[in-house]
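A.B. asks: Sequence below, structure please.
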Amino acid sequence: MAFTDHCDLYGAIHETGINLIVNHIMMQRPSLFNYGTKMFESNPGLLCTPVNAHREVRKRRNPIMTVQPPLPIIGAAGTAGLDYCFQIAEFRIDFHPGNQFTLPPELNPPLAAQTLALKLRVCGAIACPERSIQEHFGEVVAVQFAELISPREIVAGTFAGVKLDTEAVVRDDTFALLGRPQCFCIDVYATARMEVTGTGNNRKLSIKLEGLEIVDLQPTGLENSLECYLVSVLRIGILPRLRVALQTVTFEIGNAISLSVGPTPTSGFIPNNPAIEQDQVKVFINVGV
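C.D. replies: Residues are numbered from 1 along each chain as shown. Next up, the predicted model:
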């Protein structure tokens with residue numbers, strides 16, 4: 001049976017193609033997937049995972065990461081911070097029946113019908129300063145509050161036997177304490193499906209999150225709290241903005257011809273549109289003249 005027996009146009013994209021495109025974007029625009037403070041930008045060898053940037057990115061001196069301000073230290077009145085980095089080292093998508101990766105038991109494998117899965121490997125680090133530096137900067141902050149001295153006047157000098165470079169350490173009047181990166185990597189899995197709501201020309205396509213799991217993070221309460229936060233961000237902040245109107249669009253061709261293009265209604269022949277099956281996303285479209 002031809003794909004267009006019950007529609008006028010048919011299109012599909014395979015999971016392998018999507019993963020290939022994502023990998024290409026990660027190489028061409030690494031700054032969308034790698035974030036950190038100025039210290040990590042100046043010393044990329046300290047990142048938790050090497051940035052696999054295309055040679056043209058480095059040749060043209062395009063950024064390989066997005067620079068962020070130091071991580072604030074609570075109680076330091078916004079004057080002290082820590083260097084850190086955050087990287088998405090892996091991004092893969094898997095369509096039903098699922099063969100790109102194995103879902104954790106918490107997400108009830110195998111992948112359910114008309115469902116997709118995502119795998120993210122997230123790596124990060126906080127540059128944790130030595131105890132002696134922490135204690136000396138505590139003294140410095142106390143002096144700053146007592147005498148209202150600018151951070152730029154305080155930091156230049158030597159603390160705990162470490163010579164501090166004012167330009168490297170102080171940025172935007174914020175302390176970035178010298179420290180060694182403490183790296184970690186976690187795997188995040190999610191399952192979702194596409195859902196069509198509404199009727200007639202008011203239908204909308206949305207992505208509905210089914211489940212999310214951070215693998216082997218301890219203690220359990222910390223894992224559950226982070227999962228709850230991520231799920232809330234996705235369901236409340238991100239996914240509602242990704243809804244697409246499934247409307248029939250009409251084009252006027254000259255004075256006598258109009259062309260209408262719209263999604264094929266679901267029926268016994270096309271039960272899901274779009275459909276997630278056979279490692280693909282399939283769409284069925286009707287065209288009328």
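A.B. asks: dump the residue contacts of residue 103.
C.D. replies: 109, 110, 111, 117, 189, 191 (Cβ atoms under 8 Å, 6 or more residues apart in numbering). All C-beta atoms are positioned from the backbone trio N, CA, C, and that covers glycine.
A.B. asks: If we use 10 Å, what do you get?
C.D. replies: 94, 109, 110, 111, 117, 119, 189, 190, 191, 211, 213 (Cβ atoms under 10 Å, 6 or more residues apart in numbering).
A.B. asks: burial of the third one, as a residue count?
C.D. replies: Residue 110 is surrounded by 14 other residues when neighbours are defined as other Cβ atoms under 10 Å.
A.B. asks: wait, is it part of a strand?
C.D. replies: No. Using DSSP: H, G, I helix; E, B strand; the rest coil, the secondary structure at residue 110 is coil, not a strand.
A.B. asks: I'd like the list of the contacts of residue 103 that fall within strands, please.
C.D. replies: Counted as lying in strands by DSSP state E, out of those, are 94, 117, 119, 189, 190, 191, 211, 213.
A.B. asks: can you pick the most crowded of those residues?
C.D. replies: Counting by other Cβ under 10 Å, residue 117 has the largest number of neighbours within the ones in strands among the contacts of residue 103, with 26 neighbours.
A.B. asks: so what's it bridging to?
C.D. replies: Note on residue 117: beta-bridge partners residue 94, residue 191, judged by DSSP bridges.
A.B. asks: Dump the ones in strands among the contacts of residue 103 to JSON lines, plus pLDDT.
C.D. replies: Below are those laid out as JSON lines (pLDDT from 0 to 100):
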{"residue": "94", "pLDDT": "97"}
{"residue": "117", "pLDDT": "97"}
{"residue": "119", "pLDDT": "97"}
{"residue": "189", "pLDDT": "97"}
{"residue": "190", "pLDDT": "97"}
{"residue": "191", "pLDDT": "97"}
{"residue": "211", "pLDDT": "96"}
{"residue": "213", "pLDDT": "97"}
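A.B. asks: so which helix or strand takes in residue 222?
C.D. replies: Residue 222 is part of helix 220-232, with elements assigned from DSSP states H and E.
A.B. asks: let me redo that: residue 26
C.D. replies: Assigned by DSSP H and E, residue 26 belongs to helix 15-28.
A.B. asks: so where's the stretch 151-289 of the chain uncertain?
C.D. replies: 151-178 (pLDDT under 70).
A.B. asks: quick check, nearest of the ones in strands among the contacts of residue 103 to residue 54?
C.D. replies: When those are compared for distance to residue 54 (Cβ to Cβ), residue 119 comes out closest, at 22.8 Å.
A.B. asks: which residues touch the helix holding residue 222?
C.D. replies: The contact list for helix 220-232, computed with Cβ under 10 Å, 6+ apart, reads 106, 186, 188, 190, 209, 211-217, 219.
A.B. asks: how about 8 Å then?
C.D. replies: With contacts defined as Cβ under 8 Å, 6+ apart, helix 220-232 is touched by 188, 209, 212, 213, 214, 217.
A.B. asks: can you pull out the helices in the stretch 1-150 of the chain?
C.D. replies: Per DSSP state H, counting those that start in this stretch, the stretch 1-150 of the chain carries helices over the ranges 15-28, 38-42, 55-59, 131-147.
A.B. asks: Name the nearest residue to residue 114, sequence neighbours excluded.
C.D. replies: Leaving aside its sequence neighbours, residue 114 sits nearest to residue 276 (Cβ to Cβ, 6 or more residues apart in numbering; 5.0 Å).
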